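> model the following, please.
(2 chains)
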Amino acid sequence: MIETIPASRCPRCEMIVAPPAPYCPHHPVAMIPTTLPGAGVIVSFTTLHSPPEGFKSPLHIALIELERGARFVCHGAQTETRGLKLGATVAIEALDNVYYFSHLGALDRARLFWHRAGHAGDRVNAIARSLAKRAWKGMTRGGS
Amino acid sequence: MRDVWIAGAGMTRIGKRSERLQALMTEASLAALAVAGIEKPDAVVIATMNPEEFVGDGNFASNVATYMGFAEVPALRIETATSSGAAALYAGFAEVAAGLHRTVLVVGGEKMTHLSTPRVSEIIGRSIDAYERSYGATMPALAGLITRALMARHGVGLREISQVAVKNHAHAARNPYAHFREPVTIEAVMESRVVADPLRLLHCCPISDGAAAVVLTSERAAVRIAGIGQGTDTLAVRHRHELTSFRATQAAARAAFQMAGLGPERVDFAELHDAFAPFELIALEDIGLVPPGKSGGATLDGETAIDGRLPINPSGGLKARGHPLAATGIAQVVECVWQLLGRAEDRQVSGRVALAHSIGGLATNNWVTLLEAQ
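So this is what the prediction gives:
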């Protein structure tokens, strides 16, 4: 299952941050709430063998690049960093409000594809609708 | 703007110290004032990062000024996390350059070794973004993320990174003020315990106590502050799009070089912020001391060793001289002044222009200072 991750967008520079922040780090402008699908590519990761108090060892911490350039910090499941490469596509899952990345299953890939197609589909629909409207207006104007 | 000169420099031996923080800061201050031939400065600027947490004292400018007999001298405290010392130097520089004071004592210090390592890490880690901290991010953890990204780049592997530590330990072996006086082999560095994979224990600086001080003056002295620049970046590492270079260092270097009216090719030697060994490689390229992608090779070839073309961290750096947080930015400048005056004894390098580079937090508030011998 692909999570939906709450984020925010700067109306000035279009930067997206997750989790959402009240103000853009680069502009004194209130950010607009948005969401991102919980899948992305690994920018980097590390494993701590003596993590801070309250965390189990080994502790995996990863930096993931989500859609539209937003970067996100999350944990990795206990055994999953072996053989992991930078640039690998991963899914992000939430467990008790804590985010973890995991390898992207075939079903997740299909969902992600349809999610993206969904965005594109909406856009195609909107363009078609506006074209139809324009054509209709043109006809009515021509008729009068 | 008036010219600002360094009339005196002094520091304590860095390492595990039993004295109180106030006593360490006084020791460094009195040493710097004695060299300057000044009993009482017109103003004092103090740098400490977390005195409330580390030693349980607040109102620290008044606390230290009173301790050392300067109760009537205007004193203020400056804090920009681990670069607080360099920031205090900037404040003192600004006071003299603006003509507000003729002589200013700038002193930084930290006392941490009496606390457990997890406690010290947690206190230092408070300078990290709260969300990233809630996922267990500490300074070594974020440095581990940066190191892995750096190693994915051509020309930087574990050997290049480890050589930085080997070199800086070798330098510190010649420095009586250093925390570590023992050289280390590249095998020992590469086989040391993993702290934040791929970062190992001997890639990381120690927890140190110590203090350092300089006396700034508007009257001509042997070393001039030619340029000083600040650079900043987002608190959260995830809000940046570049992991293997620091915008804050690049901006600080640009500002310092512009003020000094000279370029990186004029720098004869430098003290760089190597809290983690790979950060020295990043700083070399961010400041423009070596071309992009060449820092690893230059280090392996010995170009940055004490007898190389461009000696980097002749003191041993944060890695081996030690890193008493707010003292560090000033300790770097003290080392540069001693080198420029030919007083660095066994570790003497030659040169007229020196550069000091200090990182605050995870490169959120950085400083570059250029010093010129007259």
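> what helix or strand is the residue of chain B at minimum distance from chain A located in?
When scored by Cβ to the nearest Cβ, chain B has B:G144 as its residue closest to chain A, at 3.3 Å. Yep, even glycine has a C-beta here, placed from its N, CA and C like the rest. Applying DSSP states H and E as the criterion places B:G144 in helix B:139-151.
> distance between that helix and the chain's centre?
Going by Cα atoms, centre = their mean, to the nearest Å, the spacing between the C-alpha centre of helix B:139-151 and its chain's C-alpha centre is 20 Å.
> which other helices and strands contact that helix?
Helix B:139-151 makes packing contacts with strand A:39-48, strand A:59-65, helix B:117-125, helix B:158-172, strand B:194-196, strand B:199-200, helix B:277-287 when contacts are defined by 3 or more Cβ pairs under 8 Å, 6 or more residues apart in numbering or on different chains; DSSP states H and E.
> just confirm yes or no for the shortest one near chain A.
Yes - with Cβ under 8 Å from any Cβ of the partner chain as the threshold, strand B:199-200 lies in contact with chain A, specifically through B:L199.
> give me the mean pLDDT for the very next helix or strand once past that strand.
Under the assignment DSSP H and E, the closest C-terminal helix or strand after strand B:199-200 is strand B:210-217. For strand B:210-217, mean pLDDT is 98.
> and the very next helix or strand once past strand B:210-217, how far out from the chain middle?
Using DSSP H and E, the helix or strand that follows strand B:210-217 in sequence is strand B:223-232. Offset of strand B:223-232 from its chain centre (Cα atoms, centre = their mean): 13 Å.
> could I get the helices and strands packed on helix B:139-151 as TSV with mean pLDDT, mean neighbour count and distance to B:T48?
Shown next, in TSV, are these (pLDDT from 0 to 100; neighbours: other Cβ atoms under 10 Å in any protein chain shown; distance: least, Cβ to Cβ, whole Å):
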stretch	mean pLDDT	mean neighbour count	distance to B:T48
strand A:39-48	95	23	28
strand A:59-65	95	24	29
helix B:117-125	94	17	12
helix B:158-172	98	24	24
strand B:194-196	96	23	26
strand B:199-200	97	24	27
helix B:277-287	98	27	22
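> mind putting the ones you listed in JSON lines, distance to B:L355 included?
Formatted as JSON lines, the entries for those read as follows, by distance: least, Cβ to Cβ, whole Å:
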{"stretch": "strand A:39-48", "distance to B:L355": "29"}
{"stretch": "strand A:59-65", "distance to B:L355": "30"}
{"stretch": "helix B:117-125", "distance to B:L355": "25"}
{"stretch": "helix B:158-172", "distance to B:L355": "16"}
{"stretch": "strand B:194-196", "distance to B:L355": "28"}
{"stretch": "strand B:199-200", "distance to B:L355": "25"}
{"stretch": "helix B:277-287", "distance to B:L355": "7"}
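> leaving out sequence neighbours, find the closest residue to B:F246.
Take B:F246 and drop its neighbours on the chain: the residue closest to it by Cβ to Cβ, 6 or more residues apart in numbering or on different chains is B:A363, 3.9 Å away.
> wait, isn't the one you found in contact with B:T232?
No - look at B:A363 against B:T232 with Cβ atoms under 8 Å: they stay out of range, at 9.2 Å.
> give me the common contacts of the two.
Each of B:A248 lies in contact with both B:A363 and B:T232 under the rule Cβ atoms under 8 Å, 6 or more residues apart in numbering or on different chains.
> the more surrounded of these two?
Using other Cβ atoms under 10 Å in any protein chain shown, the more surrounded residue of B:A363 and B:T232 is B:A363, with 28 against 16.
> what kind of secondary structure is the more buried one in?
Secondary structure of B:A363, reduced to three states by DSSP: H, G, I helix; E, B strand; the rest coil: coil.
> tell me the pLDDT at it?
With respect to pLDDT, B:A363 scores 98.
> so who does it touch?
Under the criterion of Cβ under 8 Å, 6+ apart, the neighbours of B:A363 are B:D233, B:F246, B:R247, B:A248, B:T249.
> redo those as CSV? Include secondary structure, pLDDT and neighbour count.
Rendered in CSV, the data for the contacts of B:A363 read as follows (DSSP: H, G, I helix; E, B strand; the rest coil; pLDDT from 0 to 100; neighbours: other Cβ atoms under 10 Å in any protein chain shown):
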residue, secondary structure, pLDDT, neighbour count
B:D233, coil, 98, 23
B:F246, coil, 98, 26
B:R247, helix, 98, 18
B:A248, helix, 98, 26
B:T249, helix, 98, 27
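> before we move on, the earlier item: which of the helices and strands packed on helix B:139-151 sits closest to B:R102?
In terms of Cβ to Cβ, the element of those nearest to B:R102 is helix B:277-287, at 31.8 Å.
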